[in-house]
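Colleague: Got a sequence here, can you build the structure:
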Amino acid sequence: MVPQRSTLAAGFRLLTGFAALAAGGVALGIELERRIVAKRITRTSEADLAAFFSLRSDGPDVTTPDGVVLHTEVDEGPADDLTLVYVHGYALNLDCWHFQRLHFRGQLRQVLYDQRSHGRSTRSEAERCRIPQLAEDLYQVLEEVVGPGPVVLIGHSMGAMAIMRLAQSRPELFGSRVLGVALFCTSAGELTDHSPIRGIPGRTFHRVAEPLMAGLNRIPELVSQGRRAGSDLGYVVTRRMAFGSDDVPPSYVDFASEMLAEIPLEVVADYYPAIGELDEYAALEIVSTVPTVVVGGENDMITPIEHTARIVESLPKAEAIRVEDCGHLGMIEKHEIFNGALDVLLARVRATLG
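Modeller: Down below sits the predicted model:
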């Protein structure tokens, strides 16, 4: 009995970070780091943390053909010729766009939504938690919420993958309705060759991750204790896996931890096979027909900067930005740079509109 619990606990330490962000775990020495971090940080107050979740607006629910209800929010702006559509990544929700939403609020119309099984959207059948389905969900949001006007699509991680898939499945949109694309901290494929844990080959990690998650699903109490928002373990894992700088504000880490702790491990497991299936390189030829910006963090442990470079190779006209001391949640950690990249993209889009 003890060895089994020890094995499961070890597996939990390995996969907690992955369960939070798509792939990951706790490196050796986490207990020492936990003590060091605990001495250095001042915990975020409830009021300060609540401010990250304070940007709210109404939006129509979108019911997909398979019965999933997608939660949307629409920030109306002044009369304008553009709508920004944000597509968030794995294990997050629309609140992850806090800094971008704040930056453009009142200037442009903005549409945000929670991916199926994430945030305030309802649960999906596991077999539909795949990138092609997310692209169809995005298309439905464009049709039912955005309307016929021109849009700029902004995607992070899995959300950017959905945008690339949309380009493959509905290329006629790009250049007609979709006039610009931003791809943040993402990959177009070959993620099974990457391991977020040093010393473990990528394919070995991905081979053991899925059955290990199935085992963790059988011990929900142990998992929830480590993943709950505000826990030392949750804080350290998020800091290590999501951010790339040593001086990231504790409030940013707590903000991310709060989002990540809300997604059930079952949902993480539902989406995991999508990583092995990912191959969106063919989409980049279509994406290249519109102004595009590609931004990657040089310390991204989830979708490494080499994957950003591969995307840029297929998008020679794209604005390409490598951000130093930046991890996977760059739009939070280095939001000034990411917001600036969007400003440049919008200027290019407006130039095409005359």
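Colleague: so what's Val287 up against?
Modeller: Each residue near Val287 by C-beta atoms under 8 Å, 6 or more residues apart in numbering is listed here: Ile163, Met164, Ala167, Phe174, Val181, Leu183, Leu315. Placement of C-beta: from N, CA and C, glycine included.
Colleague: Next: Gly244.
Modeller: For Gly244, the contacting residues are Gly297, Glu298, Asn299, Asp300, Asp325, Cys326, Gly327, Gly330, Glu333, by C-beta under 8 Å, 6+ apart.
Colleague: most neighbours, which of those residues?
Modeller: Gly297 (32 neighbours; other C-beta atoms under 10 Å).
Colleague: which residues sit in contact with that residue?
Modeller: Gly297 makes contact with Cys185, Gly244, Ile305, Arg322, Val323, Cys326, Gly327, His328, Gly330, Glu333, Lys334 under the criterion C-beta under 8 Å, 6+ apart.
Colleague: Now do the helices in the stretch 251-354 of the chain.
Modeller: 265-271, 273-277, 284-287, 305-313, 330-333, 335-353 (DSSP state H, counting those that start in this stretch).
Colleague: would CSV of those helices with mean pLDDT be doable?
Modeller: Output for the helices of the stretch 251-354 of the chain, formatted as CSV (pLDDT from 0 to 100):
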stretch, mean pLDDT
helix 265-271, 84
helix 273-277, 79
helix 284-287, 96
helix 305-313, 93
helix 330-333, 97
helix 335-353, 96
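Colleague: Pick the most buried one from these.
Modeller: helix 330-333 (a mean of 26; mean count of other C-beta atoms under 10 Å).
Colleague: The closest residue to Asp61 other than its chain neighbours bridge partners, please.
Modeller: Closest residue to Asp61 apart from its sequence neighbours, by C-beta to C-beta, 6 or more residues apart in numbering: Val69 at 5.2 Å. Per DSSP bridges, the residues bridged to Val69 are Thr63.
Colleague: quick one: contacts for Val69?
Modeller: By C-beta under 8 Å, 6+ apart, the residues touching Val69 are Asp61, Val62, Thr63, Ser121, Thr122.
Colleague: related to what we said a few turns ago, and which of the contacts of Gly244 is nearest to Thr83?
Modeller: The closest of the contacts of Gly244 to Thr83 turns out to be Gly330 (C-beta to C-beta; 23.1 Å).
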